[in-house]
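1. no FASTA, just this:
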């Protein structure tokens, strides 16, 4: 019991070694036992047939039949039986009459006495018999056959036997090769068990089953507890591991990359066709940041691990902060400019230049985007955005003009979030296109029952024909140096329009001209 407990508490390698050796011992022992039994059965059968053949030969001798006619048959049969026994190597040759009285026996004192084993079946039926019986000289493998006279009448029987000890000695002589073979198999099994144990230890890094189970539980806890998505891929692109966060971000995750319902852009990042760190990808309504890291085990490349971070809320807040900062800077600049203008007006009035003061005031208030803005853009959120963008453009040396056909009646936009996103991104893109140079940005926004139509043109260099579609891909930017994720504005604009069943396009007419249709959504 203590030994069993010691094995149970032993290391994994020790348990494997012990179990394998037990299996080898059982296999070798079982095979040896089967071989010994089979060999014994074969030898018994061989000696039975040999004894029967000797008995049949003796029963067929003419002198045996003639001896049965004598007054004392034993005088002829005893010497004959002893001669046959000596010549054939049998342990006994017994001849008896139909009354089972012996006429020949290895022990001459038993001549004339009845057989110790019953021969009635042979004498009555005349059929030969083989088997194992115990007689006066011990347990023997024997064969019995009937003796017939010249007329075919049964006149006696011959019994020839070989002691079992003789058969056992034959089996014993065959055992050494079996023993050496078994030892060789045991040694081979020992070596193989040691190799298998060493290999298992290498593959499990020497960890015990309970340690492996603990690591598995910890891994599952970590994978499903982290907020970032984790996706593991093998060399063939098959998904080998995915945690709950990744499933929530990606939705359905197939067995490999080809079965994932993701955009070509995300598939390129996941497969490594678009390498790099912090790759920004749009997936549905989410903005994801992906990092793809190779996995190596013992110096061999095994696959990749892709982490997914949801930056949707961060991007939205950053955009709102940027808009707020732009509005704040615009208000600060306007306040400063307004103070300067007020000082000029006060000075002109103090000098009595009333006409000059009136002309100055008229010139400074005419032509601004604020003139008539509230009448044409009745949605306060969109109007505030255009006013802030106008100020931002002015700060960067550009001029933002609202076209005469612009009209956004109140209540038609519903939730203005997508409208602000589309108009704000297109105007911001136009301001960036001028890159601080003097120029004009013309904005046209029209809203009706069908939705919002937006047209933004700039006097910049325009868009190269081969980049007309590329500019809407997430991550695309023409800026040589930038900080933070770029190339999302136009991608988010297209995503918002397509989500509602609209579109966004770009062309060139004295500069880039973006047009978009944002169908009306539910308020």
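-> Perfect, thanks for sending it. Predicted model only: the values in this text are computed from it and were never measured. Residues are numbered from 1 along each chain as shown.
2. distance of the most centrally placed residue in the chain relative to residue 22?
-> When C-alpha atoms, centre = their mean is applied to the chain, the residue found nearest the centroid is residue 240 (4.3 Å). In this structure, residue 240 lies at 36 Å from residue 22, with C-beta to C-beta, to the nearest Å as the measure. (Each C-beta comes from the backbone N, C-alpha and C, glycine too.)
3. got it, and residue 95?
-> Here the criterion is C-beta to C-beta. By it, residue 95 lies 56 Å from residue 22.
4. so for these two, which sits in the more crowded spot?
-> Under the criterion of other C-beta atoms under 10 Å, the comparison of residue 95 against residue 22 puts residue 95 first, with 29 against 12.
5. residue 355: neighbouring residues, count only.
-> 9.
6. now do the host helix or strand of it, average pLDDT.
-> Element membership of residue 355 [criterion: DSSP states H and E] is helix 354-365. This predicted structure assigns helix 354-365 an average pLDDT of 68.
7. tell me the first helix or strand C-terminal of it.
-> Toward the C-terminal end, the helix or strand that comes next after helix 354-365 (DSSP H and E) is helix 373-376.
8. show me what that following helix is packed against.
-> Under the contact definition 3 or more C-beta pairs under 8 Å, 6 or more residues apart in numbering; DSSP states H and E, helix 373-376 sits against helix 380-395.
9. pLDDT on the helix it packs on, on average?
-> Mean per-residue pLDDT for helix 380-395: 83.
10. all numbers from here: first residue = 124
-> In the new numbering, first residue 124, that becomes helix 503-518.
11. mind listing what's buried along it?
-> Buried residues in helix 503-518, counting neighbours by 16 or more other C-beta atoms under 10 Å, are found at 505-506, 508-517.
12. switch those over to JSON lines; also include distance to residue 254.
-> Written out in JSON lines, the entries for the buried residues of helix 503-518 read as follows (distance: C-beta to C-beta, whole Å):
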{"residue": "505", "distance to residue 254": "114"}
{"residue": "506", "distance to residue 254": "119"}
{"residue": "508", "distance to residue 254": "113"}
{"residue": "509", "distance to residue 254": "118"}
{"residue": "510", "distance to residue 254": "120"}
{"residue": "511", "distance to residue 254": "116"}
{"residue": "512", "distance to residue 254": "115"}
{"residue": "513", "distance to residue 254": "121"}
{"residue": "514", "distance to residue 254": "121"}
{"residue": "515", "distance to residue 254": "116"}
{"residue": "516", "distance to residue 254": "119"}
{"residue": "517", "distance to residue 254": "123"}
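13. the residue nearest to the centre of the chain is in what secondary structure piece?
-> Residue 363 is part of strand 362-365 when elements are defined by DSSP H and E.
14. so what strands line up beside that strand?
-> Partner strands for strand 362-365, per DSSP bridges, with pairing direction: strand 352-357 (antiparallel).
15. which residues touch the strand it pairs with?
-> Outside strand 352-357, the residues that touch it by C-beta atoms under 8 Å, 6 or more residues apart in numbering are 346, 362-366, 368-373, 376, 380, 393, 418, 425-433.
16. can you read off the pLDDT for the residue of the chain most remote from its centre?
-> Here the centre of the chain is the reference, and by C-alpha atoms, centre = their mean the most remote residue is residue 194, at 96.1 Å. At residue 194, the model reports a pLDDT of 86.
17. that's a helix at it, yeah?
-> No. Residue 194 is assigned coil when assessed by DSSP: H, G, I helix; E, B strand; the rest coil, not a helix.
18. how close does residue 574 get to residue 626?
-> Taking C-beta to C-beta as the criterion, residue 574 is separated from residue 626 by 11 Å.
19. give me the more crowded residue out of those two.
-> Of the pair residue 574 and residue 626, residue 574 is the one with more neighbours under other C-beta under 10 Å, namely 23 against 13.
20. what residues does the closest residue to that one other than its chain neighbours make contact with?
-> Nearest non-adjacent residue to residue 574, counting by C-beta to C-beta, 6 or more residues apart in numbering: residue 642, 4.0 Å away. With contact set as C-beta under 8 Å, 6+ apart, residue 642 has these partners: 573-574, 623-625.
21. please repeat the previous calculation with a cut-off of 6 Å.
-> Neighbour list for residue 642: 574, 623-625 [criterion: C-beta atoms under 6 Å, 6 or more residues apart in numbering].
22. again, but for residue 151
-> Neighbour list for residue 151: 305, 308-309 [criterion: C-beta under 6 Å, 6+ apart].
23. what does residue 285 give?
-> Residue 285 makes contacts with 170, 174, 214, 263-264, as judged by C-beta under 6 Å, 6+ apart.
24. at 7 Å what do you get?
-> Contact criterion C-beta atoms under 7 Å, 6 or more residues apart in numbering gives 170, 174, 213-214, 263-264 as the residues in contact with residue 285.
25. check which helix or strand covers residue 533.
-> Using DSSP H and E, no helix or strand contains residue 533.
26. hmm, it is touching residue 499, no?
-> No. Counting by C-beta atoms under 7 Å, residue 533 sits too far from residue 499 to count as a contact (11.3 Å).
27. which one's more surrounded, those two?
-> With neighbours defined as other C-beta under 10 Å, residue 533 and residue 499 compare such that residue 499 has more, 18 against 10.
28. surely that one meets residue 527?
-> No. Applying C-beta under 7 Å as the test, residue 499 and residue 527 come out as separate, 8.4 Å apart.
29. can you pull out the helices in the stretch 224-373 of the chain?
-> 243-248, 287-326, 332-348, 367-373 (DSSP state H, counting those that start in this stretch).
30. tell me the most buried of these?
-> Comparing those on average neighbours per residue, with mean count of other C-beta atoms under 10 Å, the densest one is helix 367-373 at a mean of 18.
31. got the buried residues for the helix or strand following that helix?
-> The first helix or strand that comes after helix 367-373 along the chain, using DSSP H and E, is helix 387-394. Of all the residues in helix 387-394, those buried under the rule 16+ other C-beta under 10 Å are 388-394.
32. next, format those residues as JSON lines and append pLDDT.
-> JSON lines is the format used below for those (pLDDT from 0 to 100):
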{"residue": "388", "pLDDT": "77"}
{"residue": "389", "pLDDT": "77"}
{"residue": "390", "pLDDT": "80"}
{"residue": "391", "pLDDT": "81"}
{"residue": "392", "pLDDT": "81"}
{"residue": "393", "pLDDT": "80"}
{"residue": "394", "pLDDT": "81"}
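33. redo these as JSON lines? Include distance to residue 559.
-> JSON lines is the format used below for the buried residues of helix 387-394 (distance: C-beta to C-beta, whole Å):
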{"residue": "388", "distance to residue 559": "30"}
{"residue": "389", "distance to residue 559": "34"}
{"residue": "390", "distance to residue 559": "37"}
{"residue": "391", "distance to residue 559": "33"}
{"residue": "392", "distance to residue 559": "33"}
{"residue": "393", "distance to residue 559": "38"}
{"residue": "394", "distance to residue 559": "39"}
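34. hmm, back to that, shared neighbours, residue 574 and residue 626?
-> Here residue 574 and residue 626 share the contacting residues residue 640, scored by C-beta under 7 Å, 6+ apart.
35. ok, now which ones touch residue 426?
-> When contacts are counted by C-beta under 7 Å, 6+ apart, residue 426 touches 355-358, 363, 418.
36. switch to 8 Å and redo it
-> With contact taken as C-beta under 8 Å, 6+ apart, residue 426 is in contact with 355-358, 363, 417-418.
37. what are the buried residues along the helix or strand hosting it?
-> For residue 426, the enclosing helix or strand under DSSP H and E is strand 423-433. By neighbour count with 16+ other C-beta under 10 Å, strand 423-433 contains the buried residues 426-427, 429-433.
38. excluding its backbone neighbours, what's nearest residue 516?
-> Spatial nearest neighbour of residue 516, excluding adjacent residues (C-beta to C-beta, 6+ apart): residue 523 at 4.3 Å.
39. dump the contacts of residue 285 into CSV; add distance to residue 580, pLDDT and neighbour count as well.
-> Rendered in CSV, the data for the contacts of residue 285 read as follows (distance: C-beta to C-beta, whole Å; pLDDT from 0 to 100; neighbours: other C-beta atoms under 10 Å):
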residue, distance to residue 580, pLDDT, neighbour count
170, 115, 82, 24
174, 120, 86, 28
213, 124, 87, 25
214, 124, 86, 20
263, 121, 85, 26
264, 116, 87, 25
